[in-house]
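# Here's a sequence, model it:
(chains A, B and C)
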Amino acid sequence: MAAGFKTAEPLEYHRSFLKENCRPDGRELFDFRTTTLNIGSISTADGSALVKMGNTTIICGIKAELANPTVEAPDKGYIVPNVDLPPLCSSRFRPGPPGEQAQAASQFIADVIESSEVIKTEDLCIERGKLCWVLYCDMMCLDYDGNILDACIIALLAALKNTQLPEITINQETCTPEVNLEKRHGLHIHKHPVGASFCVFDHSILIVDPTAEEEVLSTAQLTVVTDEEDRLCSVHKPGGTSLSGEKLQECISRATVRQREIQKLIDKVILSVKTMH
Amino acid sequence: MKDTPLSNCERDFLLKAIEEKKRLDGRQTYDYRKIKITFGTDYGCCFVDLGKTRVMAQVSSELVAPKENRPNEGIMFFNTELSPLASPAFEQGRQSELSVKLNRQLERCLRNSKCIDTESLCVVSGEKVWQIRVDVHMLNNDGNLMDAATIAAITALCHFRRPDVSIQGEEVTVYSVEERDPIPLSIYHMPISVSFSFFQQGTYLLVDPSEREERVMDGLLMIAMNKHREICYIQSSGGIMLLKEQVMRCSKIASVKVSEITELITQALLNDKNARKAGGRGGFAESMPQERITALKMDETPVETTDVTERANDIVKKTEAPPQTVPSPVVPAPGVGQVGLGLQNTWGIEEDDDDEEEGMGEEDSGEEAGGKVAKMEVDQHKKEQQRGDVVEISDSEEEEVVILHPETPVPKNQKGSSSHQKGAATSKKKQKK
Amino acid sequence: MMEVCGSSNVTLREFGCEQSLLSRPDGSASFVQGDTSVMAGVYGPAEVKVSKEIYDRATLEVLIQPKVGLPSVRERSQEQCVRETCEAALQLSLHPRSSLTLILQLLHDDGSLLSCYLNAACMALMDAGLPMNCLFCGVTCAINKEGEIITDPTAAQEKESRALMTFAIDSTERRVMMSSTKGSFSVHEMQRCIAVSQKASEKIFQFYRDSVRRRYSKTL
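Next comes the predicted model:
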């Protein structure tokens, strides 16, 4: 009966919960799902992390490659993020070239990396104008249940913190780079951007960390990314119903709390691996 | 989206009118529509209005490696974009037959006629040459896209300036517009195409067909010619047989039209050059027709910002400051961490339970002592005691039932079966371990 | 880092608009802000592809055409912003199982491009006579190194700035429909930019009203 009600009138079904200030899965409006983080999940990658937020699962692998810097920026390396939404993660995605959502997510992640300066691209330069690192950050969704942007940012940040680059020395005689795989060092992470996504229901009710179902029924979505200094790296609202400045402020407050939670989580997980060795 | 089809009576009407030497827009047989050439703010950006047909061309340049068989020559690249703006029948990102045809014609007309000196585009032989890219965007299709496209492309090429370069040893320096004046391309001649459409197996001929006329025509003859009356390219399509006299007559008409159009282009280029020299503002803002009632312009306007700061402060102050302390995450195993005690995921529940138990143990031992943790502990014990009758808060099915029918017996059965399955899963897992 | 203080740079460049300038689309407009210029065309409501059909409302497609080359990931992300803003403004449920196509052609980019896209889109939708809940306009704010707010920045000013925000403001309650930001900034700075955008939006809506009034002045 309830399942029938849910299928026939999904919006009404959700409304009846929201009226009581809770959600069908038992959360309150401003509660996130349980977030689980595992780092070093892919042993063959230079850095990796797996994030689960409820059912949403994102795995991020980082591959570092040597390349020539561009002529315009000879002292900078580059970071190439890519978000993949394969048919595996949800029936809504089709095989073939990346759809609009995947492309928009990739662009969003690239913007967050640039805006937050999580890594200074100057740090990736090995020799000016000659050699630099390229970090390919591939985020793949394994299970889609809404709010992939938050999960992607956590996975990316944790994977970057997990990344160990081999030492490179340039042989002066032959001018060829020599890779020392034994000696590795971590990346310098300047900022810790963490996102919090919101959905607007019925033009007024704000909920945090939406599931796939809630995303479909919502009238607007919003993602706020903040760093540890409480500065905003991105306020991304791709449209939908309008929100007042006051409402946005509420979201930002929630996002800053979330940032602290997640930064603590990442730090602790990284530490747990370090103490193990 | 499909194009609206032409009705039979409309077709008959058009053909009848053509037989009577009449055209829908009141033109004579050999009349060209009004051509308007405007330039954008950038160098190499040109708009051509041919009646209602509107085309934009943009030229850009890039340093690339030359082709292996031609190490001393620059590369010309043409791209025709049938933007869906021009007609509902055009689709984005798909190479249609028409766009391939137009692109090919443009290439033959402007590249194969050798009107541009490609050797002057060479920077370092065999290593670096300029690639000149011409993007032609169709903005509104009201027939005869080809003629509009060639006019736009050649005018844009004449208007374009490439950055200056210097070579010192092996180093190639590209100068910005501020450092050194950019250099125009060297163009030998300007091929301009003129299209003729034929009706009733070549009995009737019209110059510059409109979109409606193109739909009822039998065949098309396109002649590209420069002002020296040299034919650069000629093509007949549509499968009509033309007599020698007809082609000769067409080429005579073409030579007249070409000299007119060339004159117009030179004049437009000259006007733009003078305007730029005088330092006047060019571009779209200026080309907008002010007299039309559909257009409006507004001057630079200041924005009142007196109470902006107060408003912003108000909003920030009104919201509660977020708490500084946050709950500590749980680390059940090295390399794994968890935060938030809300909804668990619905896959691999049993495993997570195990993890949580471990986690709880750790948390108890020193993390965040408090009533909440103790309570969770108790819950955990309860859970362990009632293994056979697991109460899962996160299982959505049961939750629905609980809310709407608190006393239905159905869920018990479900519970039983699901717990059996779960039990089996756990045992399997344990065996694995 | 300095905080935002009051400044004299808070002006909108001269802007202009022409409606119904193309004969083929059902609605068209070109919008000019300083040297930045965009042309927009709308087709529909029309027949929809079965794969894209939505049973209770019209399918809106937004295509952004760059000047050189094919649309890239950046254009896709801008398309998403414009589309979702238009979806919220349009009354799509009045035309179920039909398609609306909005094409935006970039003519010249000299900063504040996304806001120009939004303004051109709104003018084209108005010209097409599609039923809407509200109008919307785009305002771009940049915060420069000195911490001053610059509205409607040029490309050079955008390059110099340390943060860039584009908001879409609706005409009924002046609230934020869309927000897209670049660079990092404080909460105060953002709230101030929103407040400035709301003020600026009044000027743009007045311009919308004036141009529509002028356009229909002779048909009465």
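# tell me the contacts of A:Ile59?
For A:Ile59, the contact set (Cβ atoms under 8 Å, 6 or more residues apart in numbering or on different chains) comprises A:41-42, A:48-51, A:139-140, A:142, A:155. Where C-beta positions appear, they are placed from N, C-alpha and C, glycine not excepted.
# go again using 10 Å as the cut-off
A:38, A:41-42, A:45, A:48-52, A:84, A:138-142, A:151, A:155, A:159 (Cβ atoms under 10 Å, 6 or more residues apart in numbering or on different chains).
# now swap in C:Glu87 and tell me
Going by Cβ under 10 Å, 6+ apart, C:Glu87 touches A:219-220, A:239-241, C:57-60, C:62, C:100.
# again, only using 8 Å
With contacts taken as Cβ under 8 Å, 6+ apart, C:Glu87 has the following neighbours: A:239-240, C:60.
# what about it, distance to C:Glu53?
Taking Cβ to Cβ, to the nearest Å as the measure, C:Glu87 falls 16 Å from C:Glu53.
# A:Leu222 pairs with what?
When bridges are taken as DSSP bridges, the partners of A:Leu222 come out as A:Phe198.
# wait, what's in contact with it?
Applying Cβ under 8 Å, 6+ apart, one finds that A:Leu222 lies in contact with A:197-200, A:235-237, A:243, A:248, A:251, C:179.
# So which of the contacts of C:Glu87 belong to strands?
When those are checked against strands (DSSP state E), the matches are C:Leu60.
# quick one: which of the contacts of C:Glu87 is most hemmed in?
Counting neighbours by other Cβ atoms under 10 Å in any protein chain shown, A:Gly239 leads the contacts of C:Glu87 with 24 neighbours.
# Look at the nearest residue to it once chain neighbours are set aside and report its pLDDT.
Ranked by Cβ to Cβ, 6 or more residues apart in numbering or on different chains and with sequence neighbours excluded, the top spatial neighbour of A:Gly239 is C:Glu84, at 2.5 Å. With respect to pLDDT, C:Glu84 has a value of 93.
# How about the contacts made by whichever residue of the stretch 1-150 of chain B sits closest to chain A?
Closest approach of the stretch 1-150 of chain B to chain A (Cβ to the nearest Cβ) occurs at B:Leu63, with a separation of 9.1 Å. Under the criterion of Cβ under 8 Å, 6+ apart, the neighbours of B:Leu63 are B:123, B:128-131, B:165, B:172, B:174.
# any idea which element it lies in?
Element membership for B:Leu63, per DSSP states H and E: strand B:53-64.
# give me phi/psi at B:Ile187?
Note on B:Ile187: its backbone torsions stand at phi -120, psi 120 [degrees, to the nearest 10].
# Report the beta-bridge partners for it.
On the basis of DSSP bridges, B:Ile187 takes part in beta bridges with B:Ile116.
# in the chain, which spans are strands?
Reading this off chain A. Ranges of strands in chain A, per DSSP E, are A:35-39, A:47-53, A:56-67, A:78-84, A:125-127, A:131-143, A:164-170, A:177-186, A:194-201, A:205-208, A:220-226, A:232-236.
# My question was about chain C, not that one.
With DSSP E, the ranges of strands along chain C come out as C:11-12, C:15-19, C:27-33, C:36-46, C:59-65, C:99-108, C:136-143, C:149-151, C:163-170, C:176-182.
# Now tabulate those strands in CSV and tack on distance to chain B and mean pLDDT.
Supplementary listing: those in CSV, determined by distance: least, Cβ to the nearest Cβ, whole Å; pLDDT from 0 to 100:
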stretch, distance to chain B, mean pLDDT
strand C:11-12, 5, 89
strand C:15-19, 4, 90
strand C:27-33, 5, 93
strand C:36-46, 4, 92
strand C:59-65, 5, 94
strand C:99-108, 4, 94
strand C:136-143, 9, 94
strand C:149-151, 6, 91
strand C:163-170, 12, 94
strand C:176-182, 12, 94
